[in-house]
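Peer 1: Return a 3D structure for these sequence lines:
(2 chains)
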Amino acid sequence: MNVAIKSITEQRDFVVSSSSLKEVRSFSREVFEKVNINQDLKDELVLAIAEAAQNIVKHAYQGEDTDDKMEIKISLENGQLEIGFFDKGRPVEEKNVRHRKIDDIKPGGLGTFFIQQIMDAVVFKEGEKPWINHLVLTKNLNV
Amino acid sequence: MSYKVTEEGNISTVHLDGEIDMDVTEKAKEIIMPLIEAKKEVHLNLKEVQYMDSSGISVLIESHQKATELGTKVVLKEISKSVLKVIMMAKLEQILNLD
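Peer 2: Purely as a prediction, here's the structure:
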């Protein structure tokens, strides 16, 4: 796939709240408008980003009201997409992050499954100060 | 998200409009669940839903399960392309009632 822009880095802060998810999607759509990939893929990437942001609200902050911000950074370099999420919530332990079994039909647990379906890799890192968590999603857009 | 409910006999049709995410799922449940609890057959018209995430899918699953438990059903109507894609990604096309 021909990715029109060779290099792009954009980042934005959002209040950790479910009411920010719309802004997260708008930001992501704005960034992917600059990239020559098909609309279906853009929609999938927006979904993956929104699900990861939702997980911060739901799990790192357990839905609590906060003035804290989370940062989302979208970088593209030679067709390699990297999306970073930074937050100051509770430390996320990778072993506790599991999507539910897909044949276990119940509400919840689907967001992580969607992220894993859409992206090539999902890596949890310890955040560098002032951040607590740093999630990295990557995908090769050249294929 | 906005909505409109129409009634015809025992069928209540909920026309949902906009984006369904975690921020509006409680509102969506407040609209849909009382209709199911009243044992109406509920049709969810998703033609004007441009975006749905895992929280929205959870509302569909919960509605479907509640309806089954109460001996009625939820039917998804005129599903938009973007919502259908998410339903299929969740492998729910054989579970939910799609029309």
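Peer 1: how about the residues of chain B near chain A?
Peer 2: Residues of chain B lying close to chain A (Cβ under 8 Å from any Cβ of the partner chain) are B:19, B:21-23, B:51, B:53-55, B:57-59, B:61-62, B:65, B:82, B:85-86, B:89-92, B:95. For glycine as for every other residue, the C-beta is placed from the backbone atoms N, C-alpha and C.
Peer 1: can you pull out the helices in the chain?
Peer 2: No chain was given, so I picked chain A. A:21-32, A:39-55, A:110-118 (DSSP state H).
Peer 1: that's the wrong chain, I meant chain B
Peer 2: Under DSSP H, chain B gives helices at B:25-37, B:54-69, B:81-89.
Peer 1: Got phi/psi on B:Lys91?
Peer 2: The phi and psi values for B:Lys91, taken as degrees, to the nearest 10, are phi 60, psi 40.
Peer 1: same question, A:Asn78
Peer 2: phi 50, psi 40.
Peer 1: Just give me the neighbour total for it.
Peer 2: By other Cβ atoms under 10 Å in any protein chain shown, the residues close to A:Asn78 number 10.
Peer 1: Please verify my assumption that B:Leu35 contacts B:Ile11.
Peer 2: No. Between B:Leu35 and B:Ile11 there is no contact under Cβ atoms under 8 Å: 9.7 Å.
Peer 1: what's the overlap in contacts for these two?
Peer 2: B:Val42 (Cβ atoms under 8 Å, 6 or more residues apart in numbering or on different chains).
Peer 1: Looking at those two, which has the bigger crowd around it?
Peer 2: Legend: neighbour count by other Cβ under 10 Å for B:Leu35 and B:Ile11, higher for B:Leu35 (23 against 13).
Peer 1: what sits against that one?
Peer 2: B:Val5, B:Ser12, B:Val14, B:Val42.
Peer 1: Run through the bridge partners of the closest residue to the first one other than its chain neighbours.
Peer 2: Computed as Cβ to Cβ, 6 or more residues apart in numbering or on different chains, the closest residue to B:Val5 that is not its neighbour in sequence is B:Val14, at 5.3 Å. Here B:Val14 shows beta-bridge partners B:Val5, B:Leu44, assigned using DSSP bridges.
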